[in-house]
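Novice: Got a sequence here, can you build the structure:
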Amino acid sequence: MSFGEIDWGAIDWRAIATIAIFLATLCGVAVGRAPGLRMDRAGMALVGAALMLIVGPQSFEESLKAVDLDTITLLLGMMIIVAQLRISGFFDFAGRFVLKRAHGPLTLLAGVVAVTGLLSAFLVNDAICLALTPLVLEAAHKLRRNPVPYLLAVAMASNAGSVATFTGNPQNMMIGVASHIPYGQFALRLTPIALVALLLTFCLIALLHRAEFSTKFTAAEPAARSPLHRWQTAKAALVTTCVIAGFFAGAPVAKAAIIGGSLLLVSRAVNPKKIYAQLDGALLLMFAGLFIVVSGAEKILLTPTTLATVAGLRLDSGWILSGVAAALSNLISNVPAVLVLKPFLEALPDANQAWLIVAMSSTLAGNLTLVGSIANLIVAERAKRSGVVISFLDYFKVGLPLTLLSLGFGTFALNAGPR
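Specialist: Numbering: from 1, shown residues only. Have a look, this model is predicted:
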């Protein structure tokens, strides 16, 4: 058929436009910016959602229903809790508690990995990186150490530790809401993998930065004490403990998080505007936009042919699914990757096992490169403001073996464990 003989009327322009919007949005979110425009990930997700509404693969009402309010609510509740902990001085206190007891570079590294991993297991890892990066930079300056290995520890341990629970990172929150796996069961299966990943983080950084850990500390400048608001810290710690206990007791995670977060706003000492200023509204907007974009694309792309093609990839194999999720997470970022995989995982015979593998692999894949996760970028950007540059190679020489070893162990452990 020649160009002039093409039946233009038979071409489904709506389908083509929908696919183009879907791919452009995913690329924009992955890259983090639009050439020639001052747009961030949230802006690109919202523009993509708006274009989906214009193209109309689904109605406006269907688009609104596509926004998973449970995930948005869970993320908002955890943001409020983390904001209260940060304002009260809890993170400063935890960081300085460890730094004060570190008597050598290896114990300092171990402390950074342990505290970052533990806090990231229950609280959003991006927020933990925001709170701990300045403390690590200050400690390295006062102790006259090379800050890069300790900053790598913050970024990598935040990813590794956040594997353990639903509330460790945004993609796990989505998985927790979508899969309906009990919080305790999720933690039971993934906590051992998180612990091994943290141990690997410590060992690989110590091994590949031997020069930093072969000398003892020199005399350090006295650390400046930051204020700790004891009552506010105690209140935040109590509410956080109750919320996490509620998760393990089987309470709906979104409900428990938003109730706990709301209660923390009842205060005579803290202006709520201080907490609101700490919330990552851009992340919430990005989630809402992506839900609409992916839902619109599903209307067009989830044909019997597509489902049959994906079924041929054998995603029911844990090793294949882990590799696909890790690769997709590095191509388009982990949150969009989970959204793209969601309809295919729900169709698998053992969906819960598949969700656990995706939670593990999409998170640990973030340790591969400097741009592999938002947590990594937060650490790199905060360090750059202080004149410390973490190069792509600095990160990759630890990130590559760490990702391969932790993904390999995680996939083996989940395949070998009870179903």
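Novice: After the host helix or strand of residue 135, which helix or strand is next? Please name it.
Specialist: Counting by DSSP states H and E, the element that carries residue 135 is helix 125-142. Note on helix 125-142: by DSSP H and E, the next helix or strand toward the C-terminus is helix 148-162.
Novice: next helix or strand past that next one?
Specialist: Next element after helix 148-162 (DSSP H and E): helix 170-179.
Novice: for the helix holding residue 135, which positions count as buried?
Specialist: 125-140 (16 or more other Cβ atoms under 10 Å). Every residue, glycine included, has its C-beta placed from N, CA and C.
Novice: gap between it and the chain center?
Specialist: How far helix 125-142 lies from its chain's middle: 18 Å, per Cα atoms, centre = their mean, to the nearest Å.
Novice: Show me what it is packed against.
Specialist: If you count contacts as 3 or more Cβ pairs under 8 Å, 6 or more residues apart in numbering; DSSP states H and E, helix 125-142 packs onto helix 69-88, helix 90-100, helix 105-122, helix 148-162, helix 374-385.
Novice: Helix 90-100 and that one, what's the angle between them?
Specialist: Put simply, helix 125-142 runs at 40 degrees to helix 90-100, going by axes from the mean of the first three to the mean of the last three Cα atoms, to 10 degrees.
Novice: picking up where we left off before, in CSV: the helices and strands packed on helix 125-142, plus distance to residue 287 and mean neighbour count.
Specialist: Formatted as CSV, those follow (distance: least, Cβ to Cβ, whole Å; neighbours: other Cβ atoms under 10 Å):
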stretch, distance to residue 287, mean neighbour count
helix 69-88, 6, 23
helix 90-100, 24, 19
helix 105-122, 19, 23
helix 148-162, 17, 30
helix 374-385, 13, 20
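Novice: which stretch in these has the least confidence?
Specialist: The minimum mean pLDDT among those belongs to helix 90-100 (a mean of 78).
Novice: can I get the helices and strands packed on helix 125-142 in a markdown table with distance to residue 285?
Specialist: Below are those laid out as a markdown table (distance: least, Cβ to Cβ, whole Å):
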| stretch | distance to residue 285 |
| --- | --- |
| helix 69-88 | 10 |
| helix 90-100 | 25 |
| helix 105-122 | 23 |
| helix 148-162 | 22 |
| helix 374-385 | 14 |
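Novice: and of those, who's closest to residue 249?
Specialist: The minimum distance between residue 249 and the helices and strands packed on helix 125-142 falls on helix 105-122, with 14.7 Å, by Cβ to Cβ.
Novice: what packs against the closest one?
Specialist: Checking 3+ Cβ pairs under 8 Å, 6+ apart, helix 105-122 ends up next to helix 90-100, helix 125-142, helix 148-162, helix 183-208.
Novice: in the helix or strand of the chain with the lowest mean pLDDT, what counts as buried?
Specialist: Sorting the helices and strands of the chain by mean pLDDT, DSSP states H and E puts helix 304-311 at the bottom, at a mean of 73. For helix 304-311, burial by neighbour count (16+ other Cβ under 10 Å) applies to residue 310.
Novice: Okay, helices next: where are they in the stretch 301-419 of the chain?
Specialist: 304-311, 318-332, 334-346, 351-364, 374-385, 392-416 (DSSP state H, counting those that start in this stretch).
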